[in-house]
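*Asks:* Next one to model:
(one chain, ligands or ions: 1)
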Amino acid sequence: MAFELTQEQEMIRLMARDFARKELEPYAGKWEEEGIFPEAAIKKMGELGLLGMMIPVEYDGSGAGAVSYCLALQEIAYSCASTAVTMSVANLATDPIFKYGTEEQKNKYLKPIARGEKIGSFAVTEPEAGSDPGSMTTRAEDKGDYYLINGSKVFITTGAYAGVFILIARTGPEKTNRGLSAFILTPDMAGFKVGRKENKMGLRASNTVELLFEDCIMPKENLLGREGLGFKIAMVALDSGRIGIASQSVGIARACLHEAIEYAKTRKQFGRNISSFQAIQWMIADTATEIEAAHWLTLSAAHTKDQGLPFTREASMAKLFASEMANRAAYRALQIHGGYGYMREYKIERLYRDARVTTIYEGTSEVQRIVISREVMAD
Ligand code: CAA
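*Replies:* So this is what the prediction gives:
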């Protein structure tokens, strides 16, 4: 059993680290504070191949694989958690077209997002359908030559900037998973509109919006797979998405650990640096240990995916553990900062807010436990 990264994986990690430290980290605080979506930086990430990492070169992806993707995403998240979620969802959106698209769909829609020329997005969640996507009500009505889409989506990452969306909508009976279908949506489609931008607690430099469909005309050839396959396509995409969020969580936790150590080494109380107190050392030890565990759990899920094996259980375990761990890491790091950590001038305040959503999106911790327990008990 080899625990070593290949030379290529190590190179990708260093390339992402270099990019993140130079092009993201110096600006991440300002972007977050002012709610600026870093379009130019995302464009550069596209040019570096970071938005189509799991797509083979044949379809203009970088063919780097899931392990490299996780390593790169950890580095991006360490410097800017907002940019990391944009990267994660962009990569997630490539997966369904690669797996279920026709050659024509791959040429027309997959290649531009894999090259990073367009950003991919994933539109599943609705106001009344979060953990339970099977209850969604956005409907795609078959009109012969086209589908007519009516309804709305909420909390859509990169919705105002995306060039290609994977849209899940209902073509069959209400409240059934098998009544859902997947479509490739582009923002120029008549009847489609980007709605309200959300005012979020954290990740304020990522774009999160509502999508509105009023008699939106969806060409028949944009159906992905076949009618009724939408729920499955969404679940398969989320398996990949969840290793992305696990990686984002590891990156955020590493940044928290770094801030905690730096602060503890310079903050003096009772005449000593607080890093000399065992209470602080134990918090640092616990965080460092948990980061290592989350890192390897995530890479193990990614490695399973790279081998072409089922990885649903592994992805959910990595997402559950890493996201809960990132919140513990942020909590401890803020605790080490004391009152200063509660102030906006300190980076830990942003990291604490950024970490919070990782246990919620792409399936809450409770949903991950449903997936894991079902898989484990079926074994
Ligand atoms: N791979 C392939 N097929 C799968 C699958 C997977 N991982 N998971 C389920 N399926 C299939 C099942 O085999 C089943 O197939 P059949 O109908 O042929 O039997 C079908 O899908 C239905 O599965 P379930 O019975 O398990 O479905 P359920 O209604 O009980 O739901 C759930 C299970 C795990 C709770 C699921 O609904 C779920 O994951 N919910 C969370 C949704 C979510 O993560 N949303 C995130 C939105 S996107 C986002 O957050 C992105 C962002 O912006 C950051």
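*Asks:* give me the number of residues near Glu47?
*Replies:* 11 (other C-beta atoms under 10 Å). C-beta here means a position set from N, CA and C on the backbone, and glycine is covered the same way.
*Asks:* for it, what are its contacts?
*Replies:* Taking C-beta atoms under 8 Å, 6 or more residues apart in numbering, we find Glu47 in contact with Gly116.
*Asks:* Tell me how far it lies from Asn91.
*Replies:* 15 Å (C-beta to C-beta, to the nearest Å).
*Asks:* same question, Arg332
*Replies:* Arg332 is 30 Å from Asn91, by C-beta to C-beta.
*Asks:* between those two, who's got more neighbours?
*Replies:* Asn91 (27 against 21).
*Asks:* Which residues are in contact with the more buried one?
*Replies:* Here Asn91 is in contact with 51-54, 69, 120, 240, 244 (C-beta under 8 Å, 6+ apart).
*Asks:* Please flag which of those sit within helices.
*Replies:* 69, 240, 244 (DSSP state H).
*Asks:* Name the nearest of those relative to the ligand.
*Replies:* Of all these, Gly244 has the smallest distance to the ligand: 8.5 Å, by C-beta to the nearest ligand atom.
*Asks:* Excluding chain neighbours, what is closest to that closest one?
*Replies:* Leaving aside its chain neighbours, Gly244 sits nearest to Ser88 (3.4 Å; criterion: C-beta to C-beta, 6 or more residues apart in numbering).
*Asks:* Would you check that that neighbour makes contact with Gly251?
*Replies:* No - counting by C-beta atoms under 8 Å, Ser88 stays clear of Gly251, with 10.5 Å between them.
*Asks:* For those two, list the residues in contact with both.
*Replies:* Joint contacts of Ser88 and Gly251 (C-beta under 8 Å, 6+ apart) are Leu73.
*Asks:* For whichever residue of the stretch 251-379 of the chain sits closest to the ligand, report the pLDDT, please.
*Replies:* With C-beta to the nearest ligand atom as the measure, Gly363 is the residue of the stretch 251-379 of the chain nearest to the ligand, at 3.3 Å. The confidence metric pLDDT takes the value 98 at Gly363.
*Asks:* and it, helix, strand or coil?
*Replies:* coil (DSSP: H, G, I helix; E, B strand; the rest coil).
*Asks:* Repeat that for Met377.
*Replies:* helix.
*Asks:* Any idea how many residues pack against it?
*Replies:* 7.
*Asks:* and what of Arg356?
*Replies:* 18.
*Asks:* Doesn't it belong to a helix?
*Replies:* Yes - assessed with three-state DSSP, Arg356 lies in a helix.
*Asks:* Tell me the spacing between it and Gly202.
*Replies:* For Arg356, the distance to Gly202 equals 6 Å [C-beta to C-beta].
*Asks:* ok, now Ile55?
*Replies:* 29 Å.
*Asks:* quick one: average pLDDT of the host helix or strand of Ala322?
*Replies:* Assessed by DSSP states H and E, Ala322 sits inside helix 312-337. For helix 312-337, the mean pLDDT works out to 98.
*Asks:* does any part of that helix sit near the ligand?
*Replies:* Yes - Helix 312-337 is in contact with the ligand by C-beta under 6 Å from any ligand atom, via Thr312.
*Asks:* how about Cys329, what does it touch?
*Replies:* Actually, residue 329 is Ala. It isn't Cys. Contacts of Ala329 by C-beta under 8 Å, 6+ apart are 252-253, 256-257, 287, 290-291, 355.
*Asks:* residues from the stretch 1-150 of the chain in reach of the ligand?
*Replies:* 85, 89, 122, 124-125, 131-134.
*Asks:* what secondary structure does the residue lying closest to Leu48 once chain neighbours are set aside sit in?
*Replies:* In this structure, Leu48 finds its nearest non-sequential neighbour in Phe19, 6.3 Å apart by C-beta to C-beta, 6+ apart. At Phe19 the chain is in helix, as set by three-state DSSP.
*Asks:* just the one 10 residues further on next, same as before
*Replies:* In terms of secondary structure, Gly29 is helix; the call rests on three-state DSSP.
*Asks:* hang on, the earlier thing: out of the ones in helices among the contacts of Asn91, who has the most neighbours?
*Replies:* Neighbour-wise, the ones in helices among the contacts of Asn91 (other C-beta under 10 Å) top out at Gly244, 31 neighbours.
*Asks:* Pull the contacting residues for it.
*Replies:* 69-70, 73, 87-89, 91-92, 362.
*Asks:* which one of those residues is nearest the ligand?
*Replies:* Set against the ligand, the nearest of the contacts of Gly244 by C-beta to the nearest ligand atom is Glu362 (4.3 Å).
*Asks:* I'd say that closest one and Ala237 touch.
*Replies:* No - counting by C-beta under 8 Å, Glu362 stays clear of Ala237, with 9.7 Å between them.
*Asks:* Just the pLDDT for the residue lying closest to Asp145 once chain neighbours are set aside.
*Replies:* Counting by C-beta to C-beta, 6+ apart, Asp145 lies nearest to Lys220, which is 6.4 Å off, once chain neighbours are set aside. At Lys220, the predicted lDDT confidence score is 97.
*Asks:* wait, Lys220 sits on Ala140?
*Replies:* No - with contact defined as C-beta under 8 Å, Lys220 does not count as touching Ala140 (10.5 Å).
*Asks:* what's the spacing between Ile42 and Arg204?
*Replies:* Applying C-beta to C-beta to Ile42 and Arg204 gives a distance of 15 Å.
*Asks:* give me the element the residue positioned nearest the centre of the chain is part of.
*Replies:* Central residue of the chain (C-alpha atoms, centre = their mean): Ser88, 3.6 Å from the mean position. Ser88 is part of helix 81-100, with elements assigned from DSSP H and E.
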